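1. just to be clear, the model below is a prediction. Sequence and coordinates:
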Protein chains: 2
Amino acid sequence: MTANDLRAVERYLHEHIPLTAHMQVGVDRVDDDGVRLLAPLSPNINHRQTAFGGSAASLATLACWTLIHFRLQRLSFASGIVVRRSTMEYDTPIDSDFAAFCPSPDTDTWSRFTDALTQHDKGRITLTAEVLCHDISTARFQGEFVALRHSG
Amino acid sequence: MTANDLRAVERYLHEHIPLTAHMQVGVDRVDDDGVRLLAPLSPNINHRQTAFGGSAASLATLACWTLIHFRLQRLSFASGIVVRRSTMEYDTPIDSDFAAFCPSPDTDTWSRFTDALTQHDKGRITLTAEVLCHDISTARFQGEFVALRHSG
């Protein structure tokens, strides 16, 4: 995506999920390798001067959601995505600006997901994301997402 | 807690975790039964006009954290609490204002936690919370929290 496209994704998130504007979520990359979102520490800080766990989990969830959302736009029909369950493991405190990277799933996993969505109007996919600070992994996210094809 | 005490807890959250002010987190009850936090839909809305999953997970995390934080204040030493891992299961969309209720753990579970913290400067406890909308459970949270005794 071009820088302009990345800003458009950012605007989409800020407008449709207003908490992401308060978190100052930035979109760093959306490409075939995956989706990388950024968040500064300051608006996401907690009482320990590190990132609030809810912010880290939110950023990871958003990275995965964004990957699915923009990839599904290549299909010829509209669909909606929800998170069904998720797990976060927090390894070390996040003491600076942080990022969440959701790597693209392998081709088979993605095909199974879109085939189910196309044929049965419902697809299910599990994605992972790493939360990074100083380019070191500080937390790991795994989420199961469900996409439903919109009627009409 | 009195209404004034609940407002003080609310101020503490809003001041120390600024995202909770943007989420408009309210403190409804903090007592022997547990902790119940509230959040209006509007600042926590997503592109589907339901609550953003990250907001629901954040509110549940905060309910558990608040329960531990205020109960540990009864001890004679300072401690800090972090979430180590958490799981959220989202059952139904949250289409209105919502709440997160963390019930107090049983006496044995709490005692094991505070005994470990007192004797070994570190305690670990797993708590659950329900996210409710229209008084119906819409999501379930489970989190493992670690408390560390502050030196000095």
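-> Perfect, thanks for sending it.
2. might you enumerate the residues of chain A proximal to chain B?
-> Chain A comes close to chain B at residues A:16-19, A:22-23, A:43-48, A:52-55, A:57-59, A:61-62, A:80, A:82-90, A:93, as judged by C-beta under 8 Å from any C-beta of the partner chain. Just so you know, the C-beta spots here come from the backbone N, C-alpha and C atoms, and that holds for glycine as well.
3. so which of those residues belong to helices?
-> A:16, A:19, A:22, A:53-55, A:57-59, A:61-62 (DSSP state H).
4. quick one: which two of these are the most distant?
-> A:16 and A:53 (23.4 Å; C-beta to C-beta).
5. what residue lies at the spatial centre of chain A?
-> Residue closest to the average C-alpha location in chain A (C-alpha atoms, centre = their mean): residue A:63, at 1.5 Å.
6. my guess is residue A:65 meets residue A:81, correct?
-> Yes. Under the criterion of C-beta atoms under 8 Å, residue A:65 makes contact with residue A:81 at 6.1 Å.
7. okay, and the common contacts of the two?
-> Between them, residue A:65 and residue A:81 share these contacting residues under C-beta atoms under 8 Å, 6 or more residues apart in numbering or on different chains: residue A:145.
8. so between those two, which is more surrounded?
-> Taking neighbours as other C-beta atoms under 10 Å in any protein chain shown, residue A:65 and residue A:81 compare with residue A:65 leading, 26 against 20.
9. tell me the buried residues in the longest strand anywhere in chain A?
-> Taking DSSP state E as the criterion, chain A has its longest strand at strand A:136-149. With burial defined by 16 or more other C-beta atoms under 10 Å in any protein chain shown, the residues of strand A:136-149 counted as buried are A:138-147, A:149.
10. adjacent strands (with direction) for that strand?
-> Partner strands and pairing direction for strand A:136-149 (DSSP bridges) are strand A:79-90 (antiparallel), strand A:122-133 (antiparallel).
11. tell me which of residue A:16 and residue A:53 has more neighbours.
-> residue A:53 (29 against 14).
12. OK, contacts around the closest residue to the more buried one other than its chain neighbours?
-> Excluding the flanking residues, the one nearest residue A:53 by C-beta to C-beta, 6 or more residues apart in numbering or on different chains is residue B:83, at 4.6 Å. By C-beta under 8 Å, 6+ apart, the contact list for residue B:83 reads A:53, A:88, A:90, B:61, B:64-65, B:143-145.
13. residue B:125: which of those residues is nearest?
-> Among those, and counting by C-beta to C-beta, the member closest to residue B:125 is residue B:145, at 5.6 Å.
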